[in-house]
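S.K.: Provide a 3D model corresponding to the input given below.
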Amino acid sequence: MSIPNYLEDVKAAKVKYADAWTHAHVEGDPRKHEWITLFAADMHAKDSRVAMNGKRGNPSDLSMDALNILCTSAESSGRTPEGLPCVVVDVIGGAGGPNPQPTWTVFTNAAEGSGAHVIPGAVPQPPIPPQPQPPVGFPYPDEPTAVLAFQTRLKASYNAVGRKFPDEQDADAFRHFTRYGYSCRGMAEPDAANKHIKELRAELGAPPE
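M.R.: Residues are numbered from 1 along each chain as shown. Below you'll find the predicted structure:
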């Protein structure tokens, strides 16, 4: 695969779409994209690697005077947002000025050779922003049953090593309930209880339940 040179096609399209050419790349002109769209469609039919170019990788911000052509990674440092190797080709010299001319200027560096590959005729869609995910939550454990059962297991863990709970040697014993309560937000209560009792017994040097 090699990067083509379609300068003669640009010249032919200038004549074929002469009226559209006069509007090409004219800021404020509602027809400013007309010529590049027509030309890109013709070229895509001839060579499926050729497409319109989304500036800075944005498919909704189309170039008025450039194409995007897929190639091999050895040919260009340019990339599409999907990571495909590409080049950007300027096809209108002096675009927007008083005397625009057909050209075929190929950009292969990462900065100028990168862009979105937009198939002509397809309606460009803006990138979809990440959607916030609903928080995963579990019901707060019932204190007379689940929390009391957890407390009983806490006491048993301390008793297993000859210590009582609450323990005067463990002034921060409340942290066990804090950790357990926090974990209950992200997992089922039995899993949270088992997780922290297991950790506590390992910390105390107590055998498994």
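
S.K.: Identify the spatial nearest neighbour of residue 206, chain neighbours not counted.
M.R.: Take residue 206 and drop its neighbours on the chain: the residue closest to it by CB to CB, 6 or more residues apart in numbering is residue 160, 4.0 Å away. For the C-beta atoms, the positions are set from N, CA and C on the backbone; glycine is no exception.

S.K.: which residues sit in contact with the one you found?
M.R.: 201, 204, 206-207 (CB atoms under 8 Å, 6 or more residues apart in numbering).

S.K.: Those: which two are farthest apart?
M.R.: Farthest-apart pair in the contacts of residue 160 is 204 and 207; separation 9.9 Å (CB to CB).

S.K.: Domain ranges for the chain, per the record?
M.R.: Listed domain ranges for the chain are 7-118, 143-204 (source: automatic domain parsing).

S.K.: Identify, out of these, the most deeply packed stretch.
M.R.: Among these, judged by mean count of other CB atoms under 10 Å, the one packed with the most neighbours on average is domain 7-118 (a mean of 18).

S.K.: and the end-to-end length of that one?
M.R.: Taking CA to CA, to the nearest Å, domain 7-118 runs 20 Å from one end to the other.

S.K.: Only C-alpha atoms, please: export the lowest-mean-pLDDT helix or strand in the chain in CSV.
M.R.: For the chain, scoring each helix and strand by mean pLDDT, DSSP states H and E identifies helix 175-183 as the least confident one, at a mean of 76. Once non-C-alpha atoms are left out, helix 175-183 reads as follows in CSV (Å, rounded to 0.1, in the frame of the first residue of the first chain):
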residue,chain,number,x,y,z
ARG,A,175,-13.0,1.2,63.3
HIS,A,176,-14.3,-2.4,62.8
PHE,A,177,-17.8,-1.1,62.5
THR,A,178,-16.7,1.8,60.3
ARG,A,179,-15.0,-0.5,57.8
TYR,A,180,-17.9,-2.9,57.9
GLY,A,181,-20.5,-0.1,57.4
TYR,A,182,-18.6,1.4,54.5
SER,A,183,-18.2,-2.0,52.8
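
S.K.: Which elements pack onto it?
M.R.: When contacts are defined as 3 or more CB pairs under 8 Å, 6 or more residues apart in numbering; DSSP states H and E, helix 175-183 packs onto helix 148-159, helix 189-204.

S.K.: Look up how far residue 28 lies from the residue of the chain most remote from its centre.
M.R.: Most distant from the centre of the chain: residue 162, at 55.0 Å, with distances by CA atoms, centre = their mean. Separation of residue 162 from residue 28 (CB to CB, to the nearest Å): 85 Å.

S.K.: what's the answer for residue 199, then?
M.R.: When CB to CB is applied, the distance between residue 199 and residue 28 equals 67 Å.

S.K.: Could you do residue 39 as well?
M.R.: Residue 39 is 21 Å from residue 28, by CB to CB.

S.K.: now residue 186
M.R.: In this view, residue 186 and residue 28 are 54 Å apart by CB to CB.

S.K.: now swap in residue 116 and tell me
M.R.: Distance from residue 116 to residue 28, by CB to CB: 23 Å.

S.K.: Next: residue 43.
M.R.: Going from residue 43 to residue 28 by CB to CB gives 26 Å.
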